[in-house]
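J.: let's see this in three dimensions:
(one chain, ligands or ions: 1)
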Amino acid sequence: MDDDKLDLLLRNERYPRSARYSARWMVDGAMGPNPVWQAEALAEVMPLEAGMRILDMGCGTAMSSIFLAKEFGVEVWATDLWVKPDDNLRRVTEAEIEEQVHPIYAEAHALPFADGFFDALVSIGAYHYFGTDDLYLGYYSRFVKPGGQIGIVQPGLTEECETLPPPGLEPYWKWDFCAWHSPAWWRRHWEKTGLVTVEVADQLPESWQDWLRWNEVCDHDGGTPGREEAQMLHADGGRMLGLSRVVARRESHARLDE
Ligand SMILES: C[S@@+](CC[C@H](N)C(=O)[O-])C[C@H]1O[C@@H](n2cnc3c(N)ncnc32)[C@H](O)[C@@H]1O
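T.: Prediction:
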């Protein structure tokens, strides 16, 4: 598909900042639902100021890191396991933002940062891979300053289901989708630690349509129209699936040393 057509198909009124970035760049770095749209959605509820130090945990191809650095003047540690920092450094250099985005190779349970180093932590399409353990937030939240924000967006459910797969989605369901949770589930998951105050726990508005549109365009561009995830989103029609967004603030008094 030519780049102009791609731009046209992926122009999203809801995300005007993202619309300034090349759709080809976004599609070529795709690993899941569009991380640039999700980063913009997080920034709506996480005020970011120039010079802030941000952890982008599970950044994949670092598109969200590059976007946040360019749009808000923040400095980002683009941290990932599957995508090597050499690849991300190339992308960061191409985007001419190497002063502000630092690619890091790290596993989520062995982060090479000092406690309280970051002003805010973001994670897009990734936190559910390592953060569903009850105790993980206690480890992760230590890296943000007391009073700093922690934000995540990832595939999720509108509400928790008694049994999985959700009715009607059996033909498409993969076992690891069991880590997809509702905003209410994430709220409880974080609040029960007493370490943070949850400020936002919602499903991004019309996120299933955005997710479906993104998949359809990527599938079409890749020469494999109508792949399984798009079929699943179609079949669901927004009943169970969407993108869960959660933002919390680390309590100032939280003791993390135990
Ligand atoms: C579906 S990709 C999403 C990447 C990117 N944020 C995006 O939205 O396009 C999930 C990312 O989570 C990262 N990830 C999964 N488990 C991880 C772990 N245990 N430690 C660090 N990163 C992890 C992977 O490296 C991968 O890049």
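J.: every contact and neighbour count from this point should use C-alpha atoms.
T.: OK.
J.: spell out which parts of the stretch 51-200 of the chain neighbour the ligand.
T.: Within reach of the ligand by CA under 6 Å from any ligand atom, the stretch 51-200 of the chain has these residues: 58-60, 80-83, 106-108, 124-126, 129-130.
J.: ok, 8 Å please
T.: Within reach of the ligand by CA under 8 Å from any ligand atom, the stretch 51-200 of the chain has these residues: 56-64, 79-83, 106-109, 123-127, 129-130, 154.
J.: return a PyMOL selection command for the buried portion of the residues you listed.
T.: Buried members of those, defined by 16 or more other CA atoms under 10 Å, are picked up in PyMOL with:
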select buried, resi 56+57+58+59+60+61+62+63+64+79+80+83+106+108+123+124+125+126+127+154
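J.: sort out for me which of the residues of the stretch 51-200 of the chain next to the ligand are in helices.
T.: With helices defined by DSSP state H, the entries of those inside them are 63, 64, 127, 129, 130.
J.: list the residues that contact the fourth one.
T.: If I follow you right, that is residue 129. Residue 129 makes contact with residue 179, according to CA atoms under 8 Å, 6 or more residues apart in numbering.
J.: per-residue confidence at it?
T.: With respect to pLDDT, residue 129 scores 98.
J.: how much space separates it from residue 154?
T.: The gap separating residue 129 from residue 154 is 10 Å, by CA to CA, to the nearest Å.
J.: which of the three states applies to residue 208?
T.: Assigned by DSSP: H, G, I helix; E, B strand; the rest coil, the conformation of residue 208 is helix.
J.: contacting residues for it?
T.: Contact analysis of residue 208 by CA under 8 Å, 6+ apart lists 233, 237, 238, 241, 242, 243.
J.: ok, residue 148 next?
T.: So residue 148 contacts 118, 119, 120, 249, 250 (CA under 8 Å, 6+ apart).
J.: and the two most separated of the residues you listed?
T.: Maximum pairwise distance in those, criterion CA to CA, is 12.6 Å, between 118 and 249.
J.: what separates residue 135 from residue 10, distance-wise?
T.: From residue 135 over to residue 10 the distance is 38 Å, taken as CA to CA.
J.: the more surrounded of those two?
T.: residue 10 (22 against 12; other CA atoms under 10 Å).
J.: quick one on the thing from earlier: by neighbours, which of the contacts of residue 148 wins?
T.: residue 120 (27 neighbours).
J.: how about the helices of the stretch 51-200 of the chain, start to end?
T.: 63-72, 85-94, 127-130, 136-140, 183-191 (DSSP state H, counting those that start in this stretch).
J.: what's around residue 54, how many residues?
T.: For residue 54, using other CA under 10 Å, the count is 25.
J.: so what's it up against?
T.: Contacts of residue 54 (CA under 8 Å, 6+ apart): 74, 75, 76, 77, 118, 119, 120, 121, 122.
J.: could you measure from the first one over to the ligand?
T.: By that I understand residue 74. Per CA to the nearest ligand atom, to the nearest Å, residue 74 is found 17 Å from the ligand.
J.: does residue 160 touch residue 186 like I think?
T.: No: between residue 160 and residue 186 there is no contact under CA atoms under 8 Å: 10.5 Å.
J.: same list (the ones in helices among the residues of the stretch 51-200 of the chain next to the ligand) but as JSON lines, adding distance to residue 139.
T.: Output for these, formatted as JSON lines (distance: CA to CA, whole Å):
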{"residue": "63", "distance to residue 139": "25"}
{"residue": "64", "distance to residue 139": "23"}
{"residue": "127", "distance to residue 139": "13"}
{"residue": "129", "distance to residue 139": "15"}
{"residue": "130", "distance to residue 139": "11"}
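J.: just give me the closest of these to residue 90.
T.: Proximity of these to residue 90 (CA to CA) peaks at residue 63, which lies at 11.8 Å.
J.: distance of the residue in the stretch 151-258 of the chain positioned nearest to the ligand relative to residue 113?
T.: Distances between the stretch 151-258 of the chain and the ligand by CA to the nearest ligand atom are smallest at residue 154, namely 7.9 Å. Noted for residue 154: a distance of 24 Å to residue 113, by CA to CA.
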